[in-house]
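In: I'll drop the sequence and a predicted model, then ask my questions.
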Amino acid sequence: MSRVLLFTGKGGVGKTTLAAATAASLAANGRKALVVSTDPAHSLGDALDVRLGAAPSEVDTAGGLFACQIDPRGLVDEAWGDLRGHLRTVLAGAGVDELDAEELTVLPGVEELLALAEVRRLASSGPWEVVVVDCGPTAETLRLLSLPEAFAGYLERLFPTHRRVVRGLLAGVAGTGTVEKWDATADALSRLAERLDSLRTMLSDPSSCSVRLVLTPERVVAAETRRTLTALALQGIRVDSVIANRLVPSPGSARGAAATWLRTRRHEQDAVLAELTGIGEIRTVDHRASEPVGVPALLEVASQLYGSEDPLPGAVVSESLLEVSGSGRGLDARYSLRIALPLADDTDLDLARVGDDLALTIDGRRRLVALPSLLKRCIVTGAEMDAGGVTVGFRPDPKLWR
């Protein structure tokens, strides 16, 4: 399985250039690298100055750099078309109007989901050591990365639990032919659930997949970057680097209107970066006078971005999202659950107990956190938030505590 690096950021910050530069640097240092675009804008070919298709092709004569632009529409026609046809037949056989059946079988987000599944297929089947992915803008990427868990969870609840129930219903309403089509559809959906589970495993494994966030030193962009860091941590996806792109050069002691403008702009950019505390090291790339197009120019960008360091760091040990501590005995005991997440001062946080889970909602994004067995028998007493995460207090529930 190849290592996967996902580059994302607010639209227009230069993530395509930096993704292409990283892949070019990896290839120049002896690693086979594939750079893939899932961004609907598809500007990867422009950055590399080559014409790209849906199938990987060699970009440079050295033979180590490959590239392609995934065609989600083609994937939908190939992988989802037959399945939709089966579902429409089953629904029609159960008495659902043809027009309604057409609407019911349109799955929101299926194009993005299949594009991400294609990335995993390329990473698991190709000769590349690294697959670098030029993702869409941040909002789209976050939706994309949350789809495998959401959709796989839906399929897990639906199949095979309700398979026999639906099969029996169809047998009584629509006859044997429709039941056979239902079995074929259920089998196809089960295979899709397996693919999504593999995809979800890849995304949450820090040794095989990580995200690199690209920003420009502007307050609006920096604020979105902080929210993105929190959202990715909430989904269990590791960010291994933050890159500030397009820093204007410092004019030094030069005078004149142009020098004053550069000095003011650079001072503002430095102030924005100084406020991005608590998110680790931020790599920087200068704003270049000419647009970096083609492999030689991209290698110059990579040289400034990584210097003498390896663009692909070694495997990392996953840090635990949850940590339990406590003291006391019996019903007098008090426990706390630490949920490690990078949070901004203006983060909108909501916590709720849902059975044996904590429903954690941050800036509109929700995740169910499974409680450790000890805390399942406890009552929530309160919660506190700081820049490093959330601490939830618990005490034993007299009704459940032994």
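Out: That came in fine, so what should we check first?
In: How about the contacts made by the residue most central in space within the chain?
Out: Most central in the chain under C-alpha atoms, centre = their mean is Leu145, positioned 3.6 Å from the mean C-alpha point. Shown in contact with Leu145 (C-beta atoms under 8 Å, 6 or more residues apart in numbering): 6, 116, 203, 232, 235, 237. Where C-beta positions appear, they are placed from N, C-alpha and C, glycine not excepted.
In: Of the residues you listed, which pair is most distant in space?
Out: Maximum pairwise distance in the contacts of Leu145, criterion C-beta to C-beta, is 14.5 Å, between Leu116 and Leu232.
In: In this structure Ala54 contacts Cys68, no?
Out: Yes - counting by C-beta atoms under 8 Å, Ala54 touches Cys68, with 6.1 Å between them.
In: returning to what we had before: the contacts of Leu145 into TSV, with extra columns for distance to Glu58?
Out: As requested, those are exported to TSV (distance: C-beta to C-beta, whole Å):
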residue	distance to Glu58
Leu6	23
Leu116	24
Leu203	28
Leu232	32
Gln235	34
Ile237	30
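In: Number of residues surrounding the closest residue to Ala28 other than its chain neighbours?
Out: Spatial nearest neighbour of Ala28, chain neighbours left out: Leu299 (6.0 Å); criterion: C-beta to C-beta, 6 or more residues apart in numbering. Applying other C-beta atoms under 10 Å, we find 16 other residues in the vicinity of Leu299.
In: Summarise which helices and strands the strand or helix carrying Leu299 is packed against.
Out: Secondary structure from DSSP states H and E places Leu299 in helix 295-306. For helix 295-306, the packing partners by 3 or more C-beta pairs under 8 Å, 6 or more residues apart in numbering; DSSP states H and E come out as helix 15-28, helix 44-48, strand 282-286.
In: can I see the domain layout of this structure?
Out: With domains defined by automatic domain parsing, the chain comprises 3-73+109-306, 322-396.
In: Lowest average confidence across these, which one?
Out: Mean pLDDT values for the domains of the chain show the minimum at domain 3-73+109-306, a mean of 81.
In: Can you measure across that one, start residue to end residue?
Out: 18 Å (C-alpha to C-alpha, to the nearest Å).
In: repeat for stretch 128-146
Out: Across stretch 128-146, first to last residue, C-alpha to C-alpha, it's 26 Å.
In: Flag every buried residue along it.
Out: For stretch 128-146, burial by neighbour count (16 or more other C-beta atoms under 10 Å) applies to 128-138, 140-142, 144-146.
In: buried stuff in stretch 12-22?
Out: 13-22.
In: Going by distance to Leu368, which of those residues wins?
Out: Of all those, Lys15 has the smallest distance to Leu368: 30.4 Å, by C-beta to C-beta.
In: Would you mind confirming that that closest one makes contact with Leu6?
Out: No - counting by C-beta under 8 Å, Lys15 sits too far from Leu6 to count as a contact (9.7 Å).
In: Could you name every residue contacting both of the two?
Out: Cys135.
In: Going by residue numbers, what spans are helices in this structure?
Out: Using DSSP state H, the helices of the chain run over residues 15-28, 44-48, 72-75, 81-93, 98-104, 110-125, 138-158, 163-173, 176-204, 219-234, 257-275, 295-306.
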